[in-house]
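Visitor: Okay, here's the prediction I keep looking at, along with the sequence it came from:
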Amino acid sequence: INKMIDIELNSINTLFLLTNILFYNKSDHNNKIIGFVVAHGYSTASSIVDSVNRLLETNVLYPIDMPLDLNVINITEKSNFDEVILMVDMGAVEEIGSMLTNFKNISIGVINNISTKVALSVGSKIIQRKELKEILESTCEEASFEYKIYKNQKKNTFIFTTETWMDATKRMLDIFRKSI
């Protein structure tokens, strides 16, 4: 759009442009819920959405890539969908739902800490035509953080290489092993 008609759109305007395009192409998108991934970075949201849409084999989610320094301020546009799910990463975009109170007759659900796993869960539930509240509740129940600590068992590691033959490397390795 910027190149074709010389109009620069910020991320929020892109969101509304996409919802309006999707509204007028409802034959391709006949769900009452639309999902957006809103993430900081120049291609973070696009990468997540591309992966999810490929796995689900349909365009069910749409990306909004936001520069790190963009602040979400006031929204006065009108959406043409009954319900919107915004999956956001951090910062000001986590409060985007409260900033979208100018909408009438629309429900907006916001899930934070977006990941490909969360987006895949939401996308598959939109395809299954689940209700907004059910999508949000079940996705949040499924999402959990886990951690593991892997302790290094070996103290030192040596790598033997040579530009000659593998036999020379094997001989050096044998000599080293015998010396331990």
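Guide: Yep, that arrived.
Visitor: Can you name the next helix or strand after the strand ranked longest in the chain?
Guide: Secondary structure of the chain per DSSP state E: the longest strand is strand 33-40. Proceeding N to C from strand 33-40, the next assigned helix or strand is helix 44-56, under DSSP states H and E.
Visitor: that older thread, just the C-alphas of the longest strand of the chain, formatted as PDB.
Guide: The C-alpha trace of strand 33-40 is given here as PDB (Å, rounded to 0.1, in the frame of the first residue of the first chain):
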ATOM      1  CA  ILE A  33     -14.300 -14.900  14.700                       C
ATOM      2  CA  ILE A  34     -11.200 -13.500  13.200                       C
ATOM      3  CA  GLY A  35      -7.800 -14.000  14.700                       C
ATOM      4  CA  PHE A  36      -4.800 -11.600  14.700                       C
ATOM      5  CA  VAL A  37      -1.300 -12.100  16.000                       C
ATOM      6  CA  VAL A  38       0.100  -8.800  17.100                       C
ATOM      7  CA  ALA A  39       3.800  -8.900  17.900                       C
ATOM      8  CA  HIS A  40       6.800  -6.600  18.200                       C
END
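Visitor: Over it, what's the mean pLDDT, rounded is fine.
Guide: The pLDDT scores in strand 33-40 average 88.
Visitor: helices and strands around it, which ones?
Guide: In this structure, strand 33-40 packs against helix 11-24, helix 44-56, strand 61-66, strand 83-88, helix 116-127, with contacts taken as 3 or more C-beta pairs under 8 Å, 6 or more residues apart in numbering; DSSP states H and E. For the C-beta atoms, the positions are set from N, CA and C on the backbone; glycine is no exception.
Visitor: Pretty sure I85 sits against V122.
Guide: Yes - I85 lies in contact with V122 (C-beta atoms under 8 Å); the separation is 5.9 Å.
Visitor: Quick check: which ranges of the chain have low pLDDT?
Guide: By pLDDT under 70, the low-scoring segments of the chain are 1-31, 68-81, 91-104, 153-165.
Visitor: re the thing from before, tell me which strands the longest strand of the chain pairs with, and in which orientation.
Guide: Strand 33-40 pairs in its sheet with strand 61-66 (parallel), strand 83-88 (parallel), by DSSP bridges.
Visitor: Let's have these in a markdown table, adding mean neighbour count and distance to F145.
Guide: Shown next, in a markdown table, are those (neighbours: other C-beta atoms under 10 Å; distance: least, C-beta to C-beta, whole Å):
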| stretch | mean neighbour count | distance to F145 |
| --- | --- | --- |
| strand 61-66 | 23 | 22 |
| strand 83-88 | 24 | 16 |
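Visitor: out of the ones you listed, nearest to M166?
Guide: Nearest to M166, of all the strands paired with strand 33-40, is strand 61-66, at 48.0 Å by C-beta to C-beta.
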